[in-house]
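Okay, here's the prediction I keep looking at, along with the sequence it came from:
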Amino acid sequence: MVTIYTGKPGLSRRELLKRGSAAGALFVISGSAVLLSATESWALETSALKPETMATLIQMARDIYPHDQVPDRYYAIAVKSHDEQAGKDPAHKELIENGIADLDRRSGVGGYTGLGWEEDRVAVLRQIETTPFFQTVRGGLVVSLYNQKEVWPIFGYEGESYSKGGYIKRGFDDIEWL
Amino acid sequence: MPAPYDLNDENVVVIIGSGAGGGTLGNELAQKGVDVLILEAGPRLDYTDFVNDEWDSFAQLAWRDKRATGGGWRVSKDFPNLPAWIVKAVGGTTTHWAGASLRFQDHEFKTLTNYGKIEGANLLDWPITLADLEPYYDRAEDKLGVTRTHGIEGLPDDNNFKVMKAGADELGYKECHTGRMAINSAERDGRMACQQTGFCFQGCKWGAKWSTLYTEIPKGEATGKLEVRPDSMVLKIEHDDSGKVTNVVYADKDGKLQSQKARVVCVACNSIESPRLLLNSASNTFRDGLANSSGQVGKNYMRHTTGSVYAVFDKKVHMYRGTTMAGIIRDEARNDPSRGFVGGYELETLSLGLPFMAAFLNPGDWGRSFTTALDHYDSMAGMWIVGEDMPQEQNAVKLHAELKDEHGMPIPDVWFTDHPNDVAMRNHAYQQGIALYHAVGATRTMPTPPYPSTHNLGTNRMSENPRDGVVNRHGQTHDIKNLFVSDGSQFTTGGAENPTLTIVTLALRQADYIAQEMGARNI
Ligand SMILES: Cc1cc2nc3c(=O)[nH]c(=O)nc-3n(C[C@H](O)[C@H](O)[C@H](O)COP(=O)(O)OP(=O)(O)OC[C@H]3O[C@@H](n4cnc5c(N)ncnc54)[C@H](O)[C@@H]3O)c2cc1C
Ligand code: SF4
C-alpha cells in the first residue's frame, strides 16, 4: 500500500500574502543578499522589519531546523509573523532587529549570511542560544514550521484522516518488512 | 430532559468537574434517583466538533489557564506554564485520553508494607485492597467496554504495535498484546468500532473511544435527575458553623459570581485543580484550607514515571496510522527490586503527529542531530513508559503567592522533582525500549523526556488514619462528612497502570456509599 498524500504542492504568492504580512507598504529587495530564487522574492517583502533582516531570519530558521528537502518558502512562511508582530509591537521589532544585528556583528565582515558553511553559522548561533532573541525565534519556529500542512507530506505525515474514513482500509497495518 | 436545578436547591449533590471521576459519579447517582448537578469549568462540545489536528485540538480542549511550575523536573524549564496536559471541557480529560484501561495489581495497594520505608518517599498503604475493588473493576470494565475483558475482542495489530511485538518477542517478553482499551473493537453500547484514524489524543470523532462526554453524561441526563452546567468555574466551597459544606461559589459564562446551594459536594477537578480549590476555600474555621487538618492537601503530587523511546528504521513504519496507544508490554510491571528500583512499569505504543513530535521529541533542541530524526518521521516507531513514581511530600500543588487568574483566584504552582527510584526506573525502561527496537533493526533510538503530565495523582490522598491523608476509604474527607473527593487526587500511591479505570472504579464505589449515606440521612 502506498502513502496517500493530500497536501497541495506549494503555495501561490497570493496565498502566502494572505497568511503573511498585513497590508502595508511592501518593499521588495533584490540583489546580493537574496537567498531565494527570483520567483520567490515575495518572501522578503516586509512591512516593519528591514528586508535584509528578514533574509537573515530565513537563513537562521533553516540553520536552526535544517531540512534540505524543505524549500525556503516554508521557512519564510514560518518566520513571517515576526514582521507582523514587529509592526504592532516596537519592543518585538527591537528584539529582532537587534538580535540580527548582533548575529551579523559576531559573524565578521560579511555578516551572518556571508558565512558560507552551515557549521560556521551554527557556531555563531551556539554563542547566542540562551538569549531571549534566539529563544523567541526558535520557540515560535518549532510550531510555525512543523505546523504547516503543506510541509507534512515532505516528512510523510498524512495529517487529517477522519474525512477519508481513517486508516482502517488505508494501511494502518500495512507494514511488511518485519 | 436534563433537570435544571435552582441555585437555592439545598437537596442537590453538586459535583465539580465532568471528567472520568465527576462524569461517572454524576451518572451513577442520577441512575439511583439522586438529584445531581455537575458544574464544569469548560464548554460543552459534541464529538463531531473535534478536529484531527494536534495544535488546533489542543486549543479547542486543553486547560490553558496559566499555571506555574518549579522543582527539578525538566518540564518546569521547557514548559514553564504547562506542567500538565489536561482538558477544560465537558468530559474532562476523557476527551483527550488514549483509552488504556488497566487494573492495579494487588501489591500496589500496600506499598509501604511491600516496598518498606524508602528514604525521601512518603509511602502509605491504601485503606482498601484489590479484593474490595474487584467487583467495581468488573462493572467499570463493562461500562467502558474495555477490550480483552468481558469477552470483548482486542483491537487489531497496527503498524506501531507490530514493531513493538516483534521486538518484544526478540527480548523474550511474554505479555505483549494490543492492550486493554476503552475503545470499541466492534460496535457496542450504541457506539461504533474504531476506524483507526490515529487521533485518539484529539478526541475521537467517531465516538469509538469511551468519554464521559457522550456516554455517562447523556445517560445521566436521560434520567431527568442530572444537570450539567458548562462554563461554570468553581472558585470556593463554603460551610456553616457546624463545619458542613453548604454551597459553592462559581463564575458563570459571563464571569458573574453565583452561589449554588448543595447537600453534598464532590470535588472532581483532577489533581491540580482539586487541591487548588480546597486550599482556596480556607476560612476562619479552616485556616489551612478545607479538609486539610492533616496538612496533606496538595502534597504527594504524583505524575507517573514516564518517558518515551522513539526509534528510526531504514524502512517505513507509518506509526501514526491507527489507534494511538493500542499496544502494551506488561512484563516489567511486577515489583522486582533486583532491577534496582521498587515498583514496576508498563511499555505502551505511542505515536505523535509531526507537529507534536517536533515540540516534544527533545524540547529546546535544534540543529541537525534533531532534524535528521524528524526527517525519518515516517520510518519511526514509538513507545511510552508509564511506571509507579514515589509520593514525596515536597512534590506539591500550592497556591501561587502572587499570580491570580481572571477571577482573582491564585493560580496553581506545581512542584515536582524525581525521586532516585523514579530515575532508576526510567533509565531501566529506556534501556529496555532501546534494546527492543535495536533487536528489530532500528538504526537510531531516542530516549525522549517526559511530556507535561497527563496523569496527575495523589494530592488529596486516601488514608486509614486522618493524620496521614485527606479522605477515607470512600473518598469522603476525614474532616467534613458531606465533602468528597472523586478523582485521581484520592490515590494513596500511583501504581504502574494508567489511572483512569481506577478513577472510574472508585467513583462507582463512591456512588453506592453516597446513596447509602444519604438514604440513612447521615449526610
Ligand atoms: C493525552 C492524554 C492521554 C491519556 N491517556 C490515558 C490512557 O490511555 N489511560 C488512562 O488511564 N489515562 C489516560 N490519560 C489520563 C486521563 O485522561 C485522566 O486520568 C482522567 O481523565 C482524570 O480524570 P479526572 O476526573 O480526575 O479529571 P478530568 O478528566 O481531567 O476532569 C476534570 C474536570 O474538572 C474540570 N474542572 C477543573 N477545575 C474546575 C473548577 N474549579 N470548576 C469547575 N470545573 C473544574 C475540568 O475542566 C475538567 O473537565 C490521558 C491523558 C491525556 C492528556
Ligand atoms: S483511532 Fe479509533 S479510537 Fe482513536 S480516534 Fe480514531 S476511531 Fe477513535
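Yes, it's here. Residues are numbered from 1 along each chain as shown, chains lettered A, B, ... in the order given. Ligands and ions are numbered 1, 2, ... in the order given.

got the CA positions of the helix or strand that contains B:Thr445 in PDB?
Using DSSP states H and E, B:Thr445 sits in strand B:444-448. The C-alpha coordinates for strand B:444-448 follow below in PDB (Å, rounded to 0.1, in the frame of the first residue of the first chain):
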ATOM      1  CA  ARG B 444      18.700   5.100  15.700                       C
ATOM      2  CA  THR B 445      16.900   5.300  19.100                       C
ATOM      3  CA  MET B 446      15.900   8.400  21.100                       C
ATOM      4  CA  PRO B 447      15.100   8.300  24.800                       C
ATOM      5  CA  THR B 448      12.600  11.100  25.000                       C
END
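
Report the mean per-residue pLDDT for that strand.
Taken as a whole, strand B:444-448 carries a mean pLDDT of 98.

And ligand 1, is the helix or strand just after it touching that?
Sequence-wise, the next helix or strand downstream of strand B:444-448 (DSSP H and E) is strand B:483-485. No - against ligand 1, strand B:483-485 shows no contacts by Cβ under 6 Å from any ligand atom, the least distance being 9.6 Å. Heads up, the C-betas are built off the backbone N, CA and C, glycines and all.

So which elements touch strand B:483-485?
Packing partners of strand B:483-485 (3 or more Cβ pairs under 8 Å, 6 or more residues apart in numbering or on different chains; DSSP states H and E): strand B:264-267.

Centroid-nearest residue for the chain?
I'll assume chain A. A:Tyr75 (1.8 Å; Cα atoms, centre = their mean).

actually it's chain B I care about, not the one you picked
B:His455 (4.2 Å).

And that residue, what's its pLDDT?
Per-residue confidence (pLDDT) for B:His455: 98.

That one reaches B:His304, doesn't it?
Yes - the criterion here is Cβ atoms under 8 Å, and B:His455 meets it with B:His304 at 4.6 Å.

Please spell out which residues along stretch A:154-171 are buried.
A:154-162, A:166-168, A:170-171 (16 or more other Cβ atoms under 10 Å in any protein chain shown).

Give me the common contacts of B:His455 and B:His304.
Residues touching both B:His455 and B:His304 (Cβ atoms under 8 Å, 6 or more residues apart in numbering or on different chains) are B:Val386, B:Gly494, B:Pro499.

part of a strand, is the first one?
So the one you mean is B:Val386. Yes - B:Val386 sits within a strand when classified using DSSP: H, G, I helix; E, B strand; the rest coil.

For it, give its distance to ligand 2.
The gap separating B:Val386 from ligand 2 is 18 Å, by Cβ to the nearest ligand atom, to the nearest Å.

Which of the three states applies to B:Val234?
strand.

Number of residues surrounding it?
26 (other Cβ atoms under 10 Å in any protein chain shown).

partner residues bridging it?
B:Tyr250 (DSSP bridges).

Tell me where chain A has helices.
A:13-19, A:51-64, A:72-88, A:90-107, A:118-128, A:132-144, A:152-155 (DSSP state H).

is any part of the second one close to chain B?
This points to helix A:51-64. Yes - if you take Cβ under 8 Å from any Cβ of the partner chain as the test, helix A:51-64 does meet chain B, through A:Asp63, A:Ile64.

Show me what that helix packs onto, helices and strands only.
Short answer (3+ Cβ pairs under 8 Å, 6+ apart): helix A:51-64 packs on helix A:72-88, helix A:90-107, helix A:118-128, helix A:132-144.

May I ask which helix or strand of chain A has the lowest mean pLDDT?
Lowest on mean pLDDT, DSSP states H and E among the helices and strands of chain A sits helix A:13-19, with a mean of 44.

Report the contact partners of B:His495.
Careful, residue B:495 is Gly and not His. Contacts of B:Gly495 (Cβ under 8 Å, 6+ apart): B:Phe104, B:Gln105, B:Glu108, B:Glu388, B:Thr502.

among these, which two are most distant?
B:Glu388 and B:Thr502 (12.7 Å; Cβ to Cβ).

of those two, who's got more company?
The residue with more neighbours, out of B:Glu388 and B:Thr502, is B:Glu388; 29 against 26, by other Cβ under 10 Å.

what comes up buried for stretch B:183-200?
B:Ile183, B:Asn184, B:Ser185, B:Arg191, B:Ala193, B:Cys194, B:Gln195, B:Gln196, B:Thr197, B:Gly198, B:Phe199, B:Cys200.

and what of stretch B:419-435?
So for stretch B:419-435, counting by 16+ other Cβ under 10 Å, buried means B:His419, B:Asn421, B:Asp422, B:Ala424, B:Met425, B:Arg426, B:His428, B:Ala429, B:Tyr430, B:Gln432, B:Gly433, B:Ile434.

For the stretch 151-300 of chain B, which segments count as strands?
Along the stretch 151-300 of chain B, the segments classed as strands by DSSP state E, counting those that start in this stretch run B:176-177, B:226-229, B:233-239, B:245-251, B:257-261, B:264-267.
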